[in-house]
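Visitor: Got a sequence here, can you build the structure:
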Amino acid sequence: MKDLVRVLIADDHELVRYALRTLLEGEPYFEVVGEAHDCASAVAGVMEHKPDVLLLDMRMPGGGGVGVCQQITEQKVDTRVLVLTSFDEDDEVFGVLSAGASGYILKDTRPDAVVQAVRAVADGQSVFDSGVASRVIAGHNNVAEDTEYETLSDRENDVLKLMARGLSNKEIGRALWIGETTVKTHVSHILRKLGASDRTQAVLNAVKAGLVDLPSS
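Guide: Residues are numbered from 1 along each chain as shown. Coordinates of the predicted model:
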């Protein structure tokens, strides 16, 4: 767990940026290293400050969250992206997750839950709003629900269910009484078997295939 989480806030509304900065700076373990008002300044800010987390509005001038995530991924910057969204943006949510975002929360999320989500993403976890997730998955039939994946072992299924709850490798190890290195091995096997490049995509693929359910938010 990081001692200090460095955050860049990207939103085209000044009032929203102010509220998020005030919220995060009121906590002892966050440092807001910058703000961005459009897509170009969000990417530039990430390249300049190398924050642990980019708190990214889904829709901003100059493109959108998908483009920002793609550019960050291409630059191989070690910054995790947490997207702010609303229910009318379901199509873009799937795209931004595929582009490398670590999760998403709604703009009407409780302040304490926003703090927890940013912290969780910084710690390497994936954060999903289950209400949006069900809509995203239902609306994307281009990936069939009956897609056949290589069978997971019982232990891999145990690990997958905890991944879907957003637990870190260390927390999964504690829950299952196994070492963190063993958890990493199971996660690697899960990603390969589900045809996913990261934990977020693995969980989404698993939900579509009916292997797990996302927890209620």
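Visitor: Would you map the helices across this protein?
Guide: 14-25, 39-49, 65-74, 90-98, 111-122, 130-138, 154-164, 169-176, 180-193, 199-208 (DSSP state H).
Visitor: can you list those helices in JSON lines and add mean pLDDT?
Guide: Listed next are those as JSON lines, based on pLDDT from 0 to 100:
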{"stretch": "helix 14-25", "mean pLDDT": "94"}
{"stretch": "helix 39-49", "mean pLDDT": "93"}
{"stretch": "helix 65-74", "mean pLDDT": "84"}
{"stretch": "helix 90-98", "mean pLDDT": "71"}
{"stretch": "helix 111-122", "mean pLDDT": "90"}
{"stretch": "helix 130-138", "mean pLDDT": "64"}
{"stretch": "helix 154-164", "mean pLDDT": "89"}
{"stretch": "helix 169-176", "mean pLDDT": "88"}
{"stretch": "helix 180-193", "mean pLDDT": "91"}
{"stretch": "helix 199-208", "mean pLDDT": "79"}
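Visitor: Among those helices, which comes closest to L82?
Guide: With CB to CB as the measure, helix 111-122 is the member of the helices of the chain nearest L82 (4.6 Å). For the C-beta atoms, the positions are set from N, CA and C on the backbone; glycine is no exception.
Visitor: Residues contacting that closest one, please?
Guide: Outside helix 111-122, the residues within contact range by CB atoms under 8 Å, 6 or more residues apart in numbering are 2, 5, 7, 20, 23-24, 27, 29-30, 52-53, 55, 80-82, 102-103, 105, 109, 127, 166, 217.
Visitor: taking those one by one, which sit in strands?
Guide: Among these, DSSP state E puts 5, 7, 30, 53, 55, 80-82, 103, 105 in strands.
Visitor: Where is pLDDT lowest across these?
Guide: Least confident entry in these, by pLDDT: G103, with 83.
Visitor: can you list the domains in this structure?
Guide: 5-138, 154-208 (automatic domain parsing).
Visitor: would a markdown table of these with mean neighbour count be doable?
Guide: Listed next are those as a markdown table, based on neighbours: other CB atoms under 10 Å:
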| stretch | mean neighbour count |
| --- | --- |
| domain 5-138 | 19 |
| domain 154-208 | 18 |
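Visitor: residue contacts, the nearest residue to R199 once chain neighbours are set aside?
Guide: Once flanking residues are discounted, R199 sits nearest to S126: 5.2 Å by CB to CB, 6 or more residues apart in numbering. Residues near S126 by CB under 8 Å, 6+ apart: 102-103, 163, 166, 199-200, 203.
Visitor: And S126, what's its pLDDT?
Guide: At S126, pLDDT is 77.
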